[in-house]
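**Student:** Here is my input; please provide its structure:
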Amino acid sequence: MYFKLVSVMDSQPQFWHIAGCFFSVATMPVLSQHLKGVIITALGVLIISPDGLLTRLIHVDHWTLIFWRALLLSFGMWILTSLVHPNQTWRAYREMGRHGLLMVVLYSIGTISFITAITHTSVANTLIILSTTPLFAALIGFVVLREKIELRTWCAIFLVVVGVYVISSDSGNQTATLFGDIAAMVGAFFLAAGFTVVRVKPTISVFPVISTSGLVTALVIMPLAQPFAVTQQDMGFLIIMGVYMLPLGTGLMYIGPKYIPASEVGLMLLLESVLGPTWVWLALDEKPGLSTFIGGAIILGTLAINTLWAMKSAAIARRMRSLPG
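**Tutor:** Residues are numbered from 1 along each chain as shown. Okay, the predicted model is just below:
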């Protein structure tokens, strides 16, 4: 659904040339195109999954965390943009247009909401609630683009609402708060809104958009932050997160859909909602509450079934179109 944004990359051959340097047929001689896409996407999810853990390990107020995360992400995405658009980097920024600027605003709000959520509720709650982004995208598409929503998607939306309610009702979990859960929902909404803009304007290059959004977010947050209160250890975690982990993980997750269907990418991205809390649990003993387990099972199970159903429906439709007459 919202993973149609990967069509943006089809108009950027240089991106695929760079990707080929890392994942060429020569380096993966025995792998099929499909398996190559699965490995690349899974690697992207794996790289980005410790995001919640690193956020927990950084001991600064959440305004300072937002400032440095956004600023360093801006720099990391600038490097990636330079690779995708060699000798035309600044032109890529200048040609974002009004749709690109709208995405900058939406992504900035989403970033602030995500960090607010992860610092005010559990990592498990945050990532599970953020996994509802595809359903928010469906609702926004229904209202804004007048797109039809299948009955199965309406059922999925209802079940996800139930799951979110169950998660938010966990009063016994010390690390979870209703404010943090709401912030995660706000983040999911604005992330979905950003993807909807890409669907309206698929020629937008998302890397300079994310880079610009990081810079704008840092400038807006700077009066509330204490940039020089960060320790050397915290800065190390921030650099790993903003310059390496997020840009590289994002880049790989954009490469994957070149080889596998978007619906499969969506299914694999659900792994982050499992891996992220697992790293925090193992490293910091932040155990999700019972309500988080139950609500998370409802949400992730519903999204997985909905995606598998969509894949099966698409396969049937392809077979029907291939029949003679």
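
**Student:** give me the element residue 146 is part of.
**Tutor:** For residue 146, there is no host helix or strand (DSSP states H and E).

**Student:** residues contacting residue 201?
**Tutor:** With contacts defined as CB atoms under 8 Å, 6 or more residues apart in numbering, the neighbours of residue 201 are 97, 99-100. C-betas here are computed from N, CA, C, even on glycine.

**Student:** hmm, which of those residues are the buried ones?
**Tutor:** Neighbour-count burial within those applies to 99-100; the criterion is 16 or more other CB atoms under 10 Å.

**Student:** Save the contacts of residue 201 as TSV, and put in distance to residue 108, secondary structure and pLDDT too.
**Tutor:** Compiled in TSV, the contacts of residue 201 are given as follows (distance: CB to CB, whole Å; DSSP: H, G, I helix; E, B strand; the rest coil; pLDDT from 0 to 100):
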residue	distance to residue 108	secondary structure	pLDDT
97	17	helix	86
99	15	helix	89
100	13	helix	90
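
**Student:** Could you single out the nearest of the contacts of residue 201 to residue 62?
**Tutor:** When the contacts of residue 201 are ranked by distance to residue 62 (CB to CB), residue 100 comes first, at 27.2 Å.

**Student:** That closest one contacts residue 203, doesn't it?
**Tutor:** No. Because the distance of 9.8 Å does not satisfy CB atoms under 8 Å, residue 100 is recorded as not touching residue 203.

**Student:** tell me which residues of stretch 295-308 are tucked away?
**Tutor:** Using 16+ other CB under 10 Å, the residues of stretch 295-308 that count as buried are 295-296, 298-300, 302-303, 306-307.

**Student:** quick one: the residue lying closest to residue 231 once chain neighbours are set aside from residue 234, how far?
**Tutor:** Nearest residue to residue 231, sequence neighbours excluded (CB to CB, 6 or more residues apart in numbering): residue 59, at 7.5 Å. As defined by CB to CB, to the nearest Å, residue 59 lies at a distance of 6 Å from residue 234.

**Student:** of the two, who's got more company?
**Tutor:** With neighbours defined as other CB atoms under 10 Å, residue 59 and residue 234 compare such that residue 234 has more, 18 against 12.

**Student:** ok, now which ones touch the more buried one?
**Tutor:** Remark: with contacts taken as CB under 8 Å, 6+ apart, residue 234 is in contact with 58-60.

**Student:** Does it lie in a helix or a strand, and which?
**Tutor:** Element membership of residue 234 [criterion: DSSP H and E] is helix 232-239.

**Student:** Give me the buried positions along the helix or strand just after that helix.
**Tutor:** Later in the chain than helix 232-239, the nearest helix or strand by DSSP H and E is helix 246-255. Judged by neighbour count (16+ other CB under 10 Å), helix 246-255 contains these buried residues: 246-255.

**Student:** again with stretch 52-67
**Tutor:** Of the residues in stretch 52-67, those buried under the neighbour-count criterion (16+ other CB under 10 Å) are 52-58, 60, 62-67.

**Student:** Just put those in a markdown table and tack on secondary structure.
**Tutor:** A markdown table is the format used below for these (DSSP: H, G, I helix; E, B strand; the rest coil):
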| residue | secondary structure |
| --- | --- |
| 52 | helix |
| 53 | helix |
| 54 | helix |
| 55 | helix |
| 56 | helix |
| 57 | helix |
| 58 | coil |
| 60 | coil |
| 62 | helix |
| 63 | helix |
| 64 | helix |
| 65 | helix |
| 66 | helix |
| 67 | helix |
